[in-house]
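based on what follows, work out the 3D shape:
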Amino acid sequence: MDSVRWAMIAVAVDLLACGTAAAQQRSPAERTATVQQAPTAPQSAPASGAVVTHAAGPSADPIIVTGRPLPPKEAIKSLSRAITPYVSDGPLPRFNVSVCFGTAGLPRRTLEHIGYRLALDAELAGLKLAGDRCTPNVYVLFVDGVGDQVAALVRRKWWVFGDRSPSEIREIVREPGPVRAWSNSEVRGADGQPIGPDGILRIPIATRIAPSIRRDTLAAIVLIERAAVVGKAPSQIGDYVAMRALGGVHPPRAGSPETILSLFDAGSGPAPVEMTAFDRGYLRGLYAQRDTEFAGITQGRITRSIVKAKSEEQAQVSRQAP
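Model (predicted):
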């Protein structure tokens, strides 16, 4: 696991060096007026080329609930399945360890806002945050020329894509829009034991009721085109990254106002100002069950969790109505 994290750090440093060189060619105004700044951001000077880690719980920028009409359950189920990575058998991949976020490529003040939001989203999903001076296992990098950067990684450092198949790597490279995201996972026994040095995975108990393995997400990386964040709030960016990195999902092909995953969709209308009830329900459903289970069972619980979150949202809006 440590080797995967250090590989991600090497990639982050490499990409950040390229991005910093390109950024230095822009004017100071272009380098600093990148996103909408929240008024309560911690006061720190921008650090060009610095990586900011986030392990402590958030202290600002709370999530605000806004209501949307409750869609039919089948529509929720369809959208949920559309954004979930395909798994032929066994469990869905997810983090089973504490998470630590590393961000780079924007002014430090903005990165801290994004990090606080990510930490808040992780806690709401039920994930634990790593301690101080943690080694990041989630990297968020803002770069110039994201498509070229990822294509260069495929040519020069293909190993950073971990267990991804060639077809999956091609999908990452060809993803439309200003974002590229992927995660590396590892098959372990249901008790969390990794594959041994001899290449054998020892299963203490085998049953048809539940899978004898689990898929642990070891690291996730999200690359975002620097120019694409202009006009977007740090809280929006943090919520979007939480879905991509912690949920391991991809935006729906047709786009949808039901999810923050539409944040970078071109021509799809106004994006949500924050993580929606659909998004919160998805993450909670994914991480609600700590024991290993088949993907289909998890999908069902995710759908129920989304429906519950939407119903709670509607109830709250009704109580606030005059």
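
what's the helix or strand for Gly102?
strand 101-104 (DSSP states H and E).

please state the offset of the longest strand anywhere in the chain from the chain centre?
For the chain, the strand that runs over the most residues, judged by DSSP state E, is strand 213-225. Relative to its parent chain, strand 213-225 has a centroid offset of 8 Å by C-alpha atoms, centre = their mean, to the nearest Å.

for the following helix or strand past that strand, list the C-alpha coordinates in PDB.
For strand 213-225, the following helix or strand on the C-terminal side (DSSP H and E) is helix 234-245. Presented in PDB, the C-alpha positions along helix 234-245 are these (Å, rounded to 0.1, in the frame of the first residue of the first chain):
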ATOM      1  CA  PRO A 234     -14.200  25.800  -3.500                       C
ATOM      2  CA  SER A 235     -17.100  24.000  -1.800                       C
ATOM      3  CA  GLN A 236     -18.500  23.000  -5.200                       C
ATOM      4  CA  ILE A 237     -15.100  21.700  -6.200                       C
ATOM      5  CA  GLY A 238     -14.600  19.800  -3.000                       C
ATOM      6  CA  ASP A 239     -18.000  18.200  -3.300                       C
ATOM      7  CA  TYR A 240     -17.300  17.100  -6.900                       C
ATOM      8  CA  VAL A 241     -14.000  15.600  -5.900                       C
ATOM      9  CA  ALA A 242     -15.500  13.800  -3.000                       C
ATOM     10  CA  MET A 243     -17.900  12.000  -5.400                       C
ATOM     11  CA  ARG A 244     -15.100  11.100  -7.900                       C
ATOM     12  CA  ALA A 245     -12.500  10.100  -5.400                       C
END
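
ranges for the strands of the stretch 151-300 of the chain?
179-189, 213-225 (DSSP state E, counting those that start in this stretch).

now these in JSON lines, with distance to Pro257, mean pLDDT and mean neighbour count?
Where C-beta positions appear, they are placed from N, C-alpha and C, glycine not excepted. Converted to JSON lines, the strands of the stretch 151-300 of the chain look like this (distance: least, C-beta to C-beta, whole Å; pLDDT from 0 to 100; neighbours: other C-beta atoms under 10 Å):
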{"stretch": "strand 179-189", "distance to Pro257": "18", "mean pLDDT": "92", "mean neighbour count": "20"}
{"stretch": "strand 213-225", "distance to Pro257": "21", "mean pLDDT": "93", "mean neighbour count": "23"}
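
compile the ones you listed into JSON lines and extend it with columns for distance to Thr135.
Below are these laid out as JSON lines (distance: least, C-beta to C-beta, whole Å):
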{"stretch": "strand 179-189", "distance to Thr135": "14"}
{"stretch": "strand 213-225", "distance to Thr135": "10"}
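
residue boundaries of the helices in the protein?
2-23, 28-32, 73-83, 108-125, 146-156, 166-174, 234-245, 277-287, 295-320 (DSSP state H).

just say which of these is most tucked in.
helix 234-245 (a mean of 27; mean count of other C-beta atoms under 10 Å).

and it, how far from the chain's centre?
6 Å.

same deal with stretch 227-240?
With C-alpha atoms, centre = their mean, you get 13 Å for stretch 227-240.

end-to-end on it?
With C-alpha to C-alpha, to the nearest Å as the measure, stretch 227-240 spans 16 Å from end to end.

now do the contacts for Ser167.
For Ser167, the contact set (C-beta atoms under 8 Å, 6 or more residues apart in numbering) is empty.

quick one: low-confidence ranges for this protein?
With pLDDT under 70 as the threshold, the chain has low-confidence stretches at 1-70, 204-208, 268, 321-322.

right, and Val87 touches Glu293 too?
No - using C-beta atoms under 8 Å, Val87 is not in contact with Glu293; the gap is 11.6 Å.

so which of the two has more stuff around it?
Glu293 (19 against 15; other C-beta atoms under 10 Å).
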